[in-house]
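Colleague: quick check, what structure comes out for this input:
(3 chains)
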Amino acid sequence: MDFDLTLTLECGQVFHWQREGAGWLGMIGSEPIYVEQQGGELLLPPGEEALVSRYFALDHPLAEICASFPDDPAMQAARQFCRGMRIVRQPPWECLATFITSSMKQVAHIARISHTLRRRYGQRVPWNGRELFSYPAPESLARLREEDLRACALGYRAKNLLRAARMVAAGEVNLAAVARMDDEGARAELCRLPGVGEKVANCTLLFGFERVRAFPIDVWIERVLRELYFSGKRRVTAGRLRDFSASYFGPYGGYAQQYLFHYARKGWPRV
DNA sequence: CTCCAGGTTCCGG
DNA sequence: CCGGAACATGGA
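Modeller: A predicted model of the protein is given here:
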């Protein structure tokens, strides 16, 4: 099968799945899910095949997507390194909130914060004698105090997450409506939320709203762009990088971005 | 101890 | 539009 489960869960797009036996344990919304890949075969929980297949985006035309990438040395290396990686369809709020807490944090820290929030304020769901926790709804976070969130090691992000949760809970920003907007409008709407700038908005669009063209530029991607696409050039501004990536990587730019991101972090023989 | 991490916001050229 | 600085926390 044209899918690599472990790579997809470990590449830094989603943060709550845990290794369990030979497979992975996590939640899709409020559903506890165990998945395992044996050889090429994906073992799905009986009765939840449709839910899980949709979450892991098994319907994305991966061969066509990879073929659409620009044909340059960096993308060739990334495409080779990330074979089988898919962009999953995360629940929008969970994705948005997680990336609000992601600023200036390492991937491991983001995962830890996510787990703390789930355990303290999410819905408890039993699973085979154990328990899992869903990501807390905006309404659940909205009634907390800033210090409650600071106690989850959120730091200055606590205020942003709290205010964003209150805006969403109050309907001041409607995520269902965002889903119906075009990319530009959706990005602008998300950026109304505190703690959401262009990068977090693009992560949310890509991982939570199926906008596979959205191209988040973080420190890793910026490094890749500067060193592999603008090497030797002077005064490459952020605006220049944004304009370049928006056109150069094409209609599946978000996929290209995630492939480059993972390659830069785990496969690039320098840095 | 220093440096940096999937940034955002505000402020002065 | 652009570069700098402040903002918290923890691991290397």
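
Colleague: residue A:87: which element?
Modeller: Assigning secondary structure by DSSP states H and E places residue A:87 outside every helix and strand.

Colleague: what segments of the stretch 1-150 of chain A are strands?
Modeller: A:18-20, A:23-28, A:31-38, A:41-43, A:124-127, A:130-133 (DSSP state E, counting those that start in this stretch).

Colleague: packing partners for the second one?
Modeller: Just to be clear, that refers to strand A:23-28. helix A:5-10, strand A:18-20, strand A:31-38, helix A:49-55, strand A:130-133 (3 or more C-beta pairs under 8 Å, 6 or more residues apart in numbering; DSSP states H and E). The way it works is simple: take the backbone N, C-alpha and C, and place the C-beta from them, glycine included.

Colleague: and for the first one, what's in contact with it?
Modeller: This means helix A:5-10. Residues external to helix A:5-10 that are found in contact with it (C-beta atoms under 8 Å, 6 or more residues apart in numbering): A:17, A:23-24, A:26, A:35-37, A:42, A:56, A:82-86, A:88, A:262.

Colleague: next SSE downstream of the helix or strand where residue A:199 lies?
Modeller: Residue A:199 is part of helix A:198-208, with elements assigned from DSSP H and E. As assigned by DSSP H and E, the chain's next helix or strand after helix A:198-208 is helix A:219-224.

Colleague: dump stretch A:32-39 to CSV, restricted to CA.
Modeller: Output in CSV follows, covering the C-alpha atoms of stretch A:32-39 (Å, rounded to 0.1, in the frame of the first residue of the first chain):
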residue,chain,number,x,y,z
PRO,A,32,-10.3,5.7,20.5
ILE,A,33,-8.5,4.0,17.6
TYR,A,34,-5.8,1.3,17.5
VAL,A,35,-4.1,0.9,14.1
GLU,A,36,-1.3,-1.4,13.0
GLN,A,37,0.6,-1.9,9.7
GLN,A,38,2.0,-5.3,8.9
GLY,A,39,4.1,-5.2,5.8
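
Colleague: can you give me how far it is from the chain middle?
Modeller: Here the centre of stretch A:32-39 is set off from its chain's centre by 20 Å, with C-alpha atoms, centre = their mean, to the nearest Å.

Colleague: buried residues in it?
Modeller: Of the residues in stretch A:32-39, those buried by neighbour count under the rule 16 or more other C-beta atoms under 10 Å are A:32-37.

Colleague: and for stretch A:167-177?
Modeller: In stretch A:167-177, residues buried by neighbour count (16+ other C-beta under 10 Å) are A:167-169, A:173, A:175.

Colleague: so which of the residues you listed belong to strands?
Modeller: When strands are assigned by DSSP state E, not one member of those lies inside them.

Colleague: and those residues as a markdown table, adding pLDDT and distance to residue A:113?
Modeller: As requested, those are arranged in a markdown table below (pLDDT from 0 to 100; distance: C-beta to C-beta, whole Å):
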| residue | pLDDT | distance to residue A:113 |
| --- | --- | --- |
| A:167 | 98 | 20 |
| A:168 | 98 | 18 |
| A:169 | 98 | 20 |
| A:173 | 98 | 22 |
| A:175 | 98 | 21 |
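
Colleague: picking that back up, of all the strands of the stretch 1-150 of chain A, which one is nearest DNA strand C?
Modeller: With distances scored as C-beta to the nearest atom of the strand, the stretch of these nearest to DNA strand C is strand A:18-20 (17.0 Å).

Colleague: just give the closest residue to residue A:168, not the sequence neighbours.
Modeller: Of all residues not flanking residue A:168 in the chain, residue A:138 sits nearest, at 4.1 Å (C-beta to C-beta, 6 or more residues apart in numbering).
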